[in-house]
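Chemist: just need the structure, nothing else, for what follows:
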Amino acid sequence: MLSDLFLAFYTRWKDDLWGPVIRTAIYWYVAANNRGSEIGVDAGLILAQTALENLAWTYCVQDRKMVSPRAFDPGGLSAADRLRLLATALGIPTELPRNFRALRAKRGNKWDDGPDAITGIRNSVVHPAKKSEFAEGSYFEAWKLSLWFLDLVFLHLLEHDGEYANRLSQRWIGEVETVPWGKGADAKTAKE
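Modeler: Numbers count the residues shown, from 1 in each chain. From the prediction side, this is the model:
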């Protein structure tokens, strides 16, 4: 698969707009994934959301001009709305995965979707004055979900429409499924 994606990757890497953004997003993505370096899932979640927001800005404002720069100013779109806009534009589902019991167990107002959970939990880390109690495993699930969004954003930006290993549902090494926007994805969804 890597050889199939290389040309699109190289094109983005050398592009004046996308090159710096891709390099920085990959740096944050690798750091967010690195569980062996004393970085906890809380720090990984912060790094992943930062990468997602930068990719959202570049794709939705600068590249596609879907919204004006003001939409990303304070008082504009919320962080969850920015991630939701990017995901929707790229054909990435935003629902909370059914198997994410901790995120689904939130007391009070339930999460609207994945972007809401990611940004809500990240905000509880970055803004400690907002006391929130989450079910055990919520930080881990939000971190894992944020990395899944990054996986799919990168794959979409590299024009991949085939199979990938879904970190949210993979049960064994080598298990793959079609990306949500890919050929055959609708047929698989119709069967479920």
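Chemist: and the closest residue to residue 163 other than its chain neighbours, what is it in contact with?
Modeler: Distance criterion C-beta to C-beta, 6 or more residues apart in numbering; nearest residue to residue 163, sequence neighbours excluded, is residue 176 at 4.0 Å. For the C-beta atoms, the positions are set from N, CA and C on the backbone; glycine is no exception. When contacts are counted by C-beta atoms under 8 Å, 6 or more residues apart in numbering, residue 176 touches 163, 164, 165, 166.
Chemist: in which helix or strand would I find the residue nearest the centre of the chain?
Modeler: In the chain, the residue lying closest to the centroid (C-alpha atoms, centre = their mean) is residue 149, at 2.3 Å. Using DSSP states H and E, residue 149 falls within helix 138-157.
Chemist: avg pLDDT for that helix?
Modeler: Computed over helix 138-157, the mean pLDDT rounds to 97.
Chemist: likewise stretch 38-46?
Modeler: Here the average pLDDT along stretch 38-46 is 90.
Chemist: tell me how far it is from the chain's mean position?
Modeler: 15 Å (C-alpha atoms, centre = their mean, to the nearest Å).
Chemist: now that stretch: buried residues?
Modeler: 41, 42, 43, 44, 45, 46 (16 or more other C-beta atoms under 10 Å).
Chemist: state the distance from residue 161 to residue 39.
Modeler: Distance of residue 161 to residue 39, computed by C-beta to C-beta, to the nearest Å: 32 Å.
Chemist: er, residue 116 actually
Modeler: 24 Å.
Chemist: what's the closest non-adjacent residue to residue 53?
Modeler: Nearest non-adjacent residue to residue 53 (C-beta to C-beta, 6+ apart): residue 82, at 5.8 Å.
Chemist: the one you found contacts residue 55, doesn't it?
Modeler: No. Using C-beta atoms under 8 Å as the test, residue 82 is too far from residue 55 to be in contact (9.8 Å).
Chemist: list the contacts for the nearest residue to residue 69 once chain neighbours are set aside?
Modeler: Spatial nearest neighbour of residue 69, excluding adjacent residues (C-beta to C-beta, 6+ apart): residue 61 at 5.5 Å. By C-beta under 8 Å, 6+ apart, the contact list for residue 61 reads 67, 68, 69, 71, 72.
Chemist: cool, and residue 88?
Modeler: Residue 88 neighbours (C-beta under 8 Å, 6+ apart): residue 94.
Chemist: repeat that for 10 Å
Modeler: Residue 88 makes contact with 60, 66, 94, 115 under the criterion C-beta atoms under 10 Å, 6 or more residues apart in numbering.
Chemist: what count of nearby residues applies to the nearest residue in space to residue 146 that is not next to it in sequence?
Modeler: Nearest residue to residue 146 in three dimensions, chain neighbours excluded: residue 48, at 3.7 Å (C-beta to C-beta, 6+ apart). If you count neighbours by other C-beta atoms under 10 Å, residue 48 ends up with 28.
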